[in-house]
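J.: Quick one, what's the 3D model for this:
(2 chains)
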Amino acid sequence: MGYKTHPAIALAFLASFVSCILHFASPVSAQHETASDIADGGRVYRQSCANCHGPDGNEIPGIDLGRGVFKTAKTDEDLMRIIQKGVPGTPMPPTNMSDEQAKRVVAYLRSTAATATTASAVGDAARGKVLFEGKGGCLKCHRANGIGSRVGPDLTGIGRLRRSVELERSLVDPRAEVLPTARFYRVVTPDGAVVTGRLLNIDTFTVQMIDTKEQLRSFTRATLKEAGFIPSPMPSYKGTFTTQELADIVSYLASLKGRTN
Amino acid sequence: MTRRTGLSALAAAIAAVVSLDAQVTFERILNADREPHNWLSYSGTLFNHRYSRLAQINTANAKDLELKWIWQARSLEKFEATPLVVDGVLYTVQAPNDVVALDAATGRPFWTTTYTPAPEARTCCGRVNRGLAILGETLYMGTIDAHLLAIDSRSGEVLWKTEVASAKERYSITMSPVVVKDKVIIGTAGGDMPTRGQVVAYDAKTGKEVWRFFTIPGPGEPGNETWSGDSWKTGGAAVWNAGAYDPETNLVFFGTGNPQPDWDGRSRLGDNLYSDSVVALDADTGQLKWYYQFTPHDELDYDATQVPLLADITFRGRPRKVMLWANRNGLMYILDRVTGEFLHGKAYVKVNWADGFDAKGRPQRVPGMVPTREGTVIRPHVHGATNWQPPSFSPRTGLFYVAHFENSSTVAVEGEFPRPNGINPRQTTMGQINLQPFFNNEDEAYGVVRAYDPDTLDPKWEFKMADITWAGVLSTAGDVVFSGGKEGYFFALDARTGALLWKAALGGQINAGPMSYAVNGRQYVAIAAGNSLFAFGLRDGVK
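T.: Next comes the predicted model:
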């Protein structure tokens, strides 16, 4: 199913309400959410909201959820009501989220607004593509739209999943946050062979990975001489790319909104 | 096909693991019997023998089989898929259309690719899928919303997706595709609805359509005159089960389904070509080379969508290249697969709608055995003597193995669905076990696995079950036949005598065909039952 935007929602909002900008810097209600609540809210946001609003929350004109720019909501309660009941007459549908889930999504939106100021300069996606495939050497590990290696995470749809600020942070500080699907693992087999690769699955007795030769490998853990997580082999591009180049490549990555199967 | 002992074949297979390229070339698919540790197409080879050259499991040690792993599908649909195995990785389908890659030795997952069919996808008989095809590093799957997907076998990434036919117009796909050279060939299901069956070939790399064959000829084409009025436009003749390929003639073979409406032929007078037929198509162009119609003007829902099985046998004292076919209509056939000539046919269960063949191999109808307002008791049941479950052929024993059943049903006209007359025909979607067959005596309705002599079509042995069966059959170089049934038993039989060697109660209906493969020197036999895939192997230390 492809990504869809709903410009009609913006028009409906404009027709019905006076625009109201609510900044995170002046929250109406006190925040007591933990980091785990925020992370959980982020997961729910990506699953339920990002398809229309985008990972940065700015894909519907007049609304920038990631920067605390809303049309009508003034309080957390307003946001929760919209999340749960939708906005009648617009493409914003009601959801079946509980109060607790909606609260966590609100907490996530508040937290994204706090980090939004560090987002990169305006980039050029076309130039970023050239950097991605050339100077950056990204295809040696990553894959996008069917081209490149499968060892690193496939970035074909990364623009739907990650905020621009997160993409930029992954480029300059790749070990700061590693998604569960992007962890690397190393084993030493009974005959002494060393195999490293991206972890696909691990349980009490076995481990599955895609190795650096892009082969699917499975091992019985009890037979391994050594086994364990290793740091991400992704290098930092701080100093490799200029600020503008970083903005370009982030812009390109944010444009990758391909299929999710 | 050459014969080798099981152990040497296994040794060769293990060596092959090291030497073979990861690419599954068409050459490898064509010669799949040279790498018996793998299972590269729906029935193992393009001749559809569903025969494994592995012999680690044999008649002496089959009693020592034990469960090695179970993989539970997150799906309540019937599990009809036969897995593929390529160099230690097992690929299967979680119905309706999720694809999973598992470690074939442990059943642990590498990846899962989920696919959500369009809401308009509506199938007649369950949201099922029977399996994948592979070429190079790409898996291919037909979907119940009538699309064909190409999927990266290492990452699960969807590479391309193309609409084969419109789900809104009631088309769907449930069969495993057939790979021939650089093409992926697939057919459309939906023949119980007003559709027109198709076989379509796509460029395997790009997904671009190469040719399309309609199983019902259009105006001006030979055969269109066998449909009265405009009935050809919506006459069904779907293609919903695996095909076969013969490289010598470059022909690809598919069975076609019933004409539509199923049980009332008054609006579609004529033979209704090419419904209930096998069609032989040029694999490069889709041009029809020959056909044979098993049930002309069918009003009893006798789809000819069985898996075509190609074999080189001695027939009446001379070598013949044949096609063996146990049909849903209760008749078994030997056809010349080069010309389509009818060589021999006979009833293999109780049949009351036909009583023999004319000189050209056309079945002779029994007068009155047609649907009536009051209902007509017919044999076999509308679900058939057999249905879509894949048969097997062992070049070692020379026997043709078929899982089928005895049963009857009542067929009435004017839209009434066939009524049971014998076993309780309740269809479940969850693969639950039906523990209480509804019949009055044990000979009224039952399932069997039977071995047939492909020269005479005489049965050599049978293994009888209390309930009917929708399970396929696997034979192996260890002279073991594996099959199962609706009762949930999976069992091993002596391929030469039918003697029961081993059984396991799997707790759910078996609605799939067994297959075999090897990893790290161990032979496995895999079967789907209920909502899970089970893999069996010999207990450690057993020789």
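
J.: C-alpha from now on. contacts and neighbour counts both.
T.: Noted.

J.: how about the residues of chain A near chain B?
T.: A:146, A:150, A:200-201, A:206, A:208-210, A:214-218, A:259, A:261 (Cα under 8 Å from any Cα of the partner chain).

J.: Could you rerun that using 7 Å?
T.: For chain A, the residues in contact with chain B (Cα under 7 Å from any Cα of the partner chain) are A:146, A:150, A:200-201, A:208, A:215-216, A:218, A:261.

J.: For A:Val187, grab phi and psi.
T.: Reported as degrees, to the nearest 10, the phi and psi values for A:Val187 are phi -130, psi 150.

J.: Enumerate the beta-bridge partners assigned to it.
T.: A:Val195, A:Ala227 (DSSP bridges).

J.: What of B:Leu324?
T.: The bridge-partner assignment for B:Leu324, based on DSSP bridges, gives B:Leu309, B:Ile334.

J.: returning to that earlier point: which one of the residues of chain A next to chain B is nearest to B:Arg328?
T.: Nearest to B:Arg328 among the residues of chain A next to chain B is A:Asn261, at 36.7 Å by Cα to Cα.

J.: Could you tell me which of the residues of chain A next to chain B are located in strands?
T.: Using DSSP state E, the subset of these located in strands is A:200-201, A:208, A:216, A:218.

J.: And those residues, which two are furthest apart?
T.: Put simply, by Cα to Cα the two of these set farthest apart are A:Asn201 and A:Leu216, 11.1 Å from each other.

J.: Now the common contact residues for these two.
T.: With contacts taken as Cα atoms under 7 Å, 6 or more residues apart in numbering or on different chains, A:Asn201 and A:Leu216 have A:Met209 as neighbours in common.

J.: coming back round to it: which members of the residues of chain A next to chain B are classed as buried?
T.: Buried members of these, scored by 16 or more other Cα atoms under 10 Å in any protein chain shown, are A:150, A:200-201, A:208, A:216, A:218, A:261.

J.: Could you dump the residues you listed into JSON lines and include pLDDT?
T.: Formatted as JSON lines, the entries for those read as follows, by pLDDT from 0 to 100:
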{"residue": "A:Arg150", "pLDDT": "95"}
{"residue": "A:Leu200", "pLDDT": "96"}
{"residue": "A:Asn201", "pLDDT": "95"}
{"residue": "A:Gln208", "pLDDT": "97"}
{"residue": "A:Leu216", "pLDDT": "97"}
{"residue": "A:Ser218", "pLDDT": "97"}
{"residue": "A:Asn261", "pLDDT": "45"}
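
J.: Among the residues you listed, which pair sits farthest apart?
T.: Applying Cα to Cα across those, the maximum distance is between A:Ser218 and A:Asn261, 24.3 Å.

J.: thought B:Leu500 was touching B:Leu493?
T.: Yes: counting by Cα atoms under 7 Å, B:Leu500 touches B:Leu493, with 4.6 Å between them.

J.: Please say which of these two ends up with more neighbours.
T.: Set side by side, B:Leu500 and B:Leu493 show unequal neighbour counts under other Cα atoms under 10 Å in any protein chain shown, the larger going to B:Leu493 at 24 against 18.

J.: quick one: the more buried one from B:Lys503, how far?
T.: Distance check for B:Leu493 against B:Lys503: by Cα to Cα, to the nearest Å, it reads 9 Å.

J.: same deal with B:Ile527?
T.: With the distance defined as Cα to Cα, B:Ile527 ends up 13 Å from B:Lys503.

J.: Which one of these two is surrounded by more residues?
T.: In this view B:Ile527 and B:Lys503 are compared by other Cα under 10 Å, and B:Ile527 has more residues nearby, 29 against 18.

J.: Show me what the host helix or strand of that one is packed up against.
T.: Here B:Ile527 is covered by strand B:522-529, with elements defined by DSSP states H and E. Counting contacts by 3 or more Cα pairs under 7 Å, 6 or more residues apart in numbering or on different chains; DSSP states H and E, strand B:522-529 packs against strand B:515-519, strand B:532-538.

J.: okay, and for the chain, where does confidence drop off?
T.: All of this is about chain A. Judged against pLDDT under 70, the low-scoring parts of chain A cover residues A:1-33, A:115-121, A:259-261.

J.: could you do chain B instead?
T.: Counting by pLDDT under 70, the ranges of chain B that qualify are B:1-21, B:414-443.

J.: Return the residues of it in contact with chain A.
T.: Proximity of chain B to chain A is confined to B:103, B:109-110, B:113-115, B:154-155, B:157-159 under the rule Cα under 7 Å from any Cα.

J.: Can you check the residues you listed and name whichever has the most neighbours?
T.: In terms of neighbour count, B:Phe110 stands highest of those at 26 neighbours, by other Cα under 10 Å.

J.: who's in contact with the helix or strand hosting it?
T.: B:Phe110 is located in strand B:109-113, with elements delineated by DSSP H and E. Contact partners of strand B:109-113, identified using Cα under 7 Å, 6+ apart, comprise A:200-201, A:208, A:261, B:98-103, B:156.

J.: Which of those residues sits closest to A:Met80?
T.: The shortest distance between A:Met80 and any of those, using Cα to Cα, involves A:Asn261 and amounts to 30.5 Å.

J.: which residue of chain A sits farthest from its center?
T.: Seen from the C-alpha centroid of chain A, the residue lying at the greatest distance (Cα atoms, centre = their mean) is A:Asp191, 39.4 Å away.

J.: leaving aside the residues next to it on the chain, what's closest to whichever residue of the stretch 151-300 of chain B sits closest to chain A?
T.: Ranked by Cα to the nearest Cα, the top residue of the stretch 151-300 of chain B for proximity to chain A is B:Val158, at 5.8 Å. In space, and not counting its chain neighbours, B:Val158 is closest to B:Ile151: 4.4 Å by Cα to Cα, 6 or more residues apart in numbering or on different chains.
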